[in-house]
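Novice: Quick one, fold the following:
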Amino acid sequence: MKLALNLLLALAVFALVAAALLYTQQRRLIFPAPSHYPQAPPQGFRLVHTRTDDGLRLSAFYRPALPGKKTLLFFHGNGDNMLGAIEATRGPAAAGHGLMLVEYRGYGGNPGSPGEADLYRDGAAAMRWLAGAGVDPRQIVVVGNSVGSGPATEMALRYDVAALILVSGFSDLPSVVKSQVPLVPRWLVRDRFDNAAKLARVKAPVYLMQGDADTLVTPANLDRLARARPDATVARVAGVGHELAYTAPAQAILTKWVGGLR
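Specialist: Residues are numbered from 1 along each chain as shown. So this is what the prediction gives:
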């Protein structure tokens with residue numbers, strides 16, 4: 001009996017320690033910023049700097065829109081940086097749309113450490129920069145890929161933008177974590193990014209795009225987002241996984257839809 005109680009106590013202590021480590025260290029797993037990032041902007045872009053409301057100076061790449069074209073404010077995924085953002089926006093760039101490629105704090109040589117509220121600050125800083133450059137929010141299409149769906153949805157909720165596009169976006173981050181690690185309770189996930197709860201309050205048109213072979217942000221996320229926003233345009237791309245944003249079909253779909261906005 002005593003041995004069994006001691007074993008149970010040891011297991012309980014182990015579980016508490018494991019939970020504490022996961023709670024304190026999870027952002028290292030959720031935001032694995034790549035060590036390699038572009039040192040200079042590609043042709044057609046220029047390096048700009050935004051200023052967050054908590055005092056950080058963050059880099060971004062910007063190219064202005066041609067006359068009559070929209071400007072895309074692009075938020076990349078958690079394991080990416082502006083290198084991937086450039087690849088994921090080649091279609092809109094070729095069509096003459098403007099681009100603001102946001103780089104998060106803690107990414108691409110930027111100071112600070114990322115978290116949910118921090119990514120919202122970074123997004124708001126980019127919106128302020130665009131306003132200062134004379135870009136009307138009603139001409140901005142906010143695009144979020146994967147974890148970028150979080151700040152993208154928040155910006156579309158806060159500002160009167162032209163549209164919101166989520167590519168491989170999730171309904172909420174705890175659902176993604178739970179699908180990958182079933183033993184982790186939802187309450188242990190510090191950053192929520194509750195996109196589904198916000199979508200109904202976004203006034204702009206919404207486009208939801210996901211690959212039906214995505215095993216990271218599973219199609220169940222798209223279903224929940226679509227239920228939260230019944231009037232959203234929904235595209236399910238057959239046979240494509242979480243790399244959807246970088247594929248030619250996704251960029252063609254995105255570019256065509258943005259070109260049809262008024």
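Novice: Now do the helices for the protein: every range, in order, please.
Specialist: Along the chain, the stretches classed as helices by DSSP state H are 2-30, 82-88, 90-94, 116-132, 149-158, 173-180, 195-199, 219-228, 248-259.
Novice: Now for the residue positioned nearest the centre of the chain: which residues touch it?
Specialist: With distances taken as Cα atoms, centre = their mean, Gly148 lies nearest the centre of the chain, 0.4 Å away. Contacts here follow Cβ atoms under 8 Å, 6 or more residues apart in numbering; on that basis Gly148 touches 74-77. Using the backbone N, CA and C atoms, a C-beta is placed for each residue, glycine as well.
Novice: still on that earlier bit, can you say which of the helices of the chain is packed in most?
Specialist: For the helices of the chain, ranked by mean neighbour count under the definition mean count of other Cβ atoms under 10 Å, the leader is helix 149-158 at a mean of 25.
Novice: so what does that helix touch, helix or strand wise?
Specialist: Helices and strands touching helix 149-158, by 3 or more Cβ pairs under 8 Å, 6 or more residues apart in numbering; DSSP states H and E, are strand 71-75, helix 116-132, strand 140-145, strand 163-167, helix 195-199.
Novice: mean confidence for stretch 172-182?
Specialist: Regarding stretch 172-182, the rounded mean pLDDT is 90.
Novice: Quick one: distance of it to the chain centre.
Specialist: Taking the mean of its C-alpha atoms, stretch 172-182 sits 16 Å from the chain's own mean (Cα atoms, centre = their mean, to the nearest Å).
Novice: same question, stretch 114-122
Specialist: In terms of Cα atoms, centre = their mean, the centre of stretch 114-122 is set 11 Å apart from its chain centre.
Novice: now stretch 170-178
Specialist: On Cα atoms, centre = their mean, the centre of stretch 170-178 falls 13 Å from that of its chain.
Novice: Same question for stretch 118-134.
Specialist: Its chain's average C-alpha position is 15 Å from that of stretch 118-134, according to Cα atoms, centre = their mean.
Novice: Dump the helices of the chain to a markdown table, plus distance to Thr52.
Specialist: As requested, those are exported to a markdown table (distance: least, Cβ to Cβ, whole Å):
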| stretch | distance to Thr52 |
| --- | --- |
| helix 2-30 | 17 |
| helix 82-88 | 17 |
| helix 90-94 | 26 |
| helix 116-132 | 4 |
| helix 149-158 | 12 |
| helix 173-180 | 21 |
| helix 195-199 | 21 |
| helix 219-228 | 28 |
| helix 248-259 | 27 |
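Novice: Nearest to Tyr107, out of those helices?
Specialist: Closest to Tyr107 of the helices of the chain, according to Cβ to Cβ: helix 82-88, at 8.3 Å.
Novice: Now do the closest one: everything it contacts.
Specialist: With Cβ under 8 Å, 6+ apart as the criterion, helix 82-88 contacts 34, 36-38, 42, 45, 60-61, 74, 76-77, 101-103, 108, 145, 167, 245-246, 251.
Novice: and those residues, which of them are in strands?
Specialist: In strands, judged by DSSP state E, the following of these are found: 60-61, 74, 101-102, 145, 167.
Novice: Which residue is the nearest non-sequential neighbour of Tyr159?
Specialist: Pro137 (4.8 Å; Cβ to Cβ, 6 or more residues apart in numbering).
Novice: State the distance from Gly241 to Ala204.
Specialist: Relative to Ala204, Gly241 is positioned 28 Å away (Cβ to Cβ, to the nearest Å).
Novice: and if you look at Ala124?
Specialist: Counting by Cβ to Cβ, the gap from Ala124 to Ala204 is 16 Å.
Novice: How about the contacts made by the nearest residue to Val147 once chain neighbours are set aside?
Specialist: Take Val147 and drop its neighbours on the chain: the residue closest to it by Cβ to Cβ, 6+ apart is Asn78, 4.1 Å away. By Cβ under 8 Å, 6+ apart, the residues touching Asn78 are 30-32, 146-147.
Novice: That concludes my questions; thank you for your assistance.
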